[in-house]
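J.: Can you look at this prediction? I've put the sequence above it.
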Amino acid sequence: MNIDLNSPLSWKRAYEAGDPGSAAELAMLNDLQGNILKGHGRHFTSNLFLKFDPSRAEEVNTFLAEMGGLVTTALHQLIQTDLYKCGASSSSTFVAMMLSASGYDAIGRQDAMPQGEAFRAGMKRRELADAPVASWDAHFAGQVDAMILVAAESATGRSVERDILSGRIAKTAGALTLLNPQFSEEGDAIFNDDGNGIEHFGYVDGRSQPLALVEDIEAERTMHGGITKWDPSIPLSQLLVKCPGGRLDVSFGSFFVFRKLEQNVRAFKQREHDLAVSIEKKHGLPEGSLGERLGATVVGLFENGTPALLSEGEITPIAKGPVGVKNDFDYARDPDGLKCPYAAHIRKTNPRDDVPGSKSHLMARRGIPYGTRTDLNDPAIGTKPTKDVGLLFMAYQSSIEDQFEFTQVAWSNNARFPRPLVIDGPPTGRDPLTGQTAGPSGQQWPVKWGRTLTDGSPDDDFSGFVTLKGGEYFFAPSISFLKP
């Protein structure tokens, strides 16, 4: 049995046996963990981080076998999602299981460990310009062998499944240890008034995703404005790799990156205001004339999701509702970054046509906000949180080196990307949100939209509002590896 990894997959065609390869595709989907090819869609999550006792590997393997029966398969998730769209209720929880390289070592299954230098080294040992490990949350600073992801449609459903799993872990009497027993890594989706998912700085998040399912690509084409300028489709090979420990010819898994990113919302909003005022004064603009556009050019889109590139004019009434969340655009109309600057977060992390082949480096992002907020509708800057809120960044990919690490180091941290070969030209600027390198950012922001930019002096710096609190590299193995 073979799977064509060089193109997207039509899961419905496979389910309907519409192709000679359907049997292989169905077998693959029933052995693949969910959330890889398509997000699980739940609004409440819990991440349980585990450490294994190597001297009790047999007991750990027994636990993993039990998890194999609980993990949500890709096929089940896709069928359930389709039924939900047709009006059926969906109250089941979603469960996924990941192992780090140290986890494979602890259970004595080096033979089943996937290849990959970054994965085998672990995040702490990679050159990412991250915050020192000593500053990370304590449960990330040491060895992390595994992670269980629980997701549900309600906070109650999450708590029930989470408590059941934590009880199973406790019953191993130390063969497995829960590293975050206070359940500190819990995600709660937040939404704006239009019903779109946002992150804590207030901007629509997760809109531009690479798509590996034909059904999702067609939905983008027909329901979300087309794909004439930007085609989000990717081949399965960008997400899936053979699972060495799987028991089928079509056993696949995916590398999984987890990073806890704390957001200082108050400082971000204050800097957003102060930088706008500074640019207005320095360049003789009317007071308040930059308005929301300053934040829109820092992120690359307005809070409601309208790309900064697509708005018409320097100060524009921003459309309300889903119409604002567009994704079919490229940067051909803005080669000098005068509308959406090169340093803007979404341009740094998805440069589209700025760089040939850039799509091959994209990951399937599955992040969710964490932390409690009481001020979402409060315009006052002083009420915004300074800590304990942020993003649980989660992403699947077939190569940590070519996808996550490439985008982090070569794109986000690189103040000269996407013009690294311009020797005498000005820097394009470091990513204001996820860029981790210290020193001058080199960022330039529009003064007159579509016409002039700031000079990239230290006065223009917009950074330091996102702090890494910990993370690790994992692999989501096939279900047949987990099951006995």
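T.: Cool, got the structure. Residues are numbered from 1 along each chain as shown.
J.: For the residue nearest the centre of the chain, name its beta-bridge partners.
T.: Nearest residue to the geometric centre of the chain (Cα atoms, centre = their mean): Arg365, 3.1 Å. Here Arg365 sits in beta bridges with Ala395, as judged by DSSP bridges.
J.: Wait, it touches Gly206, no?
T.: Yes: here Arg365 reaches Gly206: they are 6.4 Å apart, a contact under Cβ atoms under 8 Å. To be clear about C-beta, it is placed using only N, CA and C from the backbone, and glycine gets the same treatment.
J.: check which helix or strand covers Ser278.
T.: helix 265-282 (DSSP states H and E).
J.: Look up how far Lys448 lies from the residue of the chain most remote from its centre.
T.: If you look at how far each residue of the chain sits from its centre, by Cα atoms, centre = their mean, the farthest one is Gly284, at 39.2 Å. Distance, Gly284 to Lys448, by Cβ to Cβ, to the nearest Å: 11 Å.
J.: mind showing which ranges of the protein have poor pLDDT?
T.: 1, 87-91, 311-324, 419-425 (pLDDT under 70).
J.: so where do the helices sit in it?
T.: For the chain, applying DSSP state H gives helices covering 11-15, 22-31, 57-68, 74-85, 101-106, 117-121, 138-141, 155-171, 214-223, 265-282, 293-299, 345-349, 479-482.
J.: so what secondary structure elements neighbour the first one?
T.: Taking 3 or more Cβ pairs under 8 Å, 6 or more residues apart in numbering; DSSP states H and E as contact, the helices and strands that helix 11-15 lies on are helix 22-31, helix 74-85, helix 214-223.
J.: which of those sits most buried?
T.: When those are scored by mean count of other Cβ atoms under 10 Å, the highest mean neighbour count falls to helix 22-31 (a mean of 20).
J.: could you give the angle of that helix to helix 74-85?
T.: Angle, helix 22-31 to helix 74-85, by axes from the mean of the first three to the mean of the last three Cα atoms, to 10 degrees: 90 degrees.
J.: what comes up buried for the helix holding Ser278?
T.: Burial within helix 265-282, assessed by neighbour count using 16 or more other Cβ atoms under 10 Å, is assigned to 265-266, 268-269, 271-272, 275-276, 278-280.
J.: Next, format these as TSV and append distance to Gly68.
T.: TSV is the format used below for the buried residues of helix 265-282 (distance: Cβ to Cβ, whole Å):
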residue	distance to Gly68
Val265	40
Arg266	44
Phe268	42
Lys269	45
Arg271	48
Glu272	47
Leu275	51
Ala276	53
Ser278	56
Ile279	56
Glu280	59
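J.: which one of the residues you listed is nearest Phe406?
T.: The closest of the buried residues of helix 265-282 to Phe406 turns out to be Phe268 (Cβ to Cβ; 26.1 Å).
J.: my read: the closest one touches Thr467, true?
T.: No: at 11.7 Å, Phe268 does not count as touching Thr467 under the criterion of Cβ under 8 Å.
J.: Report how many residues lie close to Arg168.
T.: Counted with other Cβ atoms under 10 Å, the neighbours of Arg168 add up to 15.
J.: With the one 10 residues further on instead?
T.: By the other Cβ under 10 Å criterion, the neighbourhood of Leu178 contains 18 residues.
J.: give me every residue that touches it.
T.: Counting by Cβ atoms under 8 Å, 6 or more residues apart in numbering, Leu178 touches 48-50, 166, 169-170.
J.: got the contact list for stretch 440-460?
T.: Residues from elsewhere that reach stretch 440-460 (Cβ under 8 Å, 6+ apart): 275, 278-279, 282-283, 285, 293-294, 297-298, 313-314, 334, 336-339, 341-343, 415-416, 426-430, 432, 435, 461-463.
J.: mind running it again at 7 Å?
T.: Under the criterion Cβ atoms under 7 Å, 6 or more residues apart in numbering, residues 278-279, 283, 293-294, 297, 314, 338-339, 341, 343, 415, 426-427, 429-430, 432, 461-463 lie in contact with stretch 440-460.
J.: which of these count as buried?
T.: For the contacts of stretch 440-460, buried by 16+ other Cβ under 10 Å: 278-279, 293-294, 297, 314, 338-339, 341, 343, 415, 427, 429-430, 432, 461-463.
J.: My read is that Phe44 contacts Arg158, right?
T.: Yes: contact criterion Cβ atoms under 7 Å: Phe44 and Arg158 qualify, at 4.2 Å.
J.: shared neighbours, those two?
T.: By Cβ under 7 Å, 6+ apart, Phe44 and Arg158 have these common neighbours: Ala152.
J.: between these two, which one's more packed in?
T.: Taking other Cβ under 10 Å, Phe44 and Arg158 do not tie; Arg158 has more neighbours (24 against 21).
J.: The more buried one: what's it in contact with?
T.: So Arg158 contacts 44-46, 150, 152 (Cβ under 7 Å, 6+ apart).
J.: which among those residues gets closest to Pro369?
T.: Thr45 (10.1 Å).
J.: what's the nearest residue to that closest one once chain neighbours are set aside in contact with, if anything?
T.: Of all residues not flanking Thr45 in the chain, Gly187 sits nearest, at 4.0 Å (Cβ to Cβ, 6 or more residues apart in numbering). Taking Cβ under 7 Å, 6+ apart, we find Gly187 in contact with 44-45, 368-370, 392.
J.: Just among those residues, which is most surrounded?
T.: Going by other Cβ under 10 Å, Thr45 tops those with 26 neighbours.
J.: which residue sits closest to Pro181, ignoring its sequence neighbours?
T.: Closest residue to Pro181 apart from its sequence neighbours, by Cβ to Cβ, 6+ apart: Ser166 at 7.4 Å.
J.: related to what we said a few turns ago, in contact with the residue nearest to the centre of the chain, which residues are there?
T.: 206, 209, 395.
J.: What about the residues you listed, which one has the most neighbours?
T.: Counting by other Cβ under 10 Å, top hit in those: Ala395 with 21 neighbours.
J.: Quick one: residues contacting it.
T.: The contact partners of Ala395, by Cβ under 7 Å, 6+ apart, come to 257, 363-366, 404.
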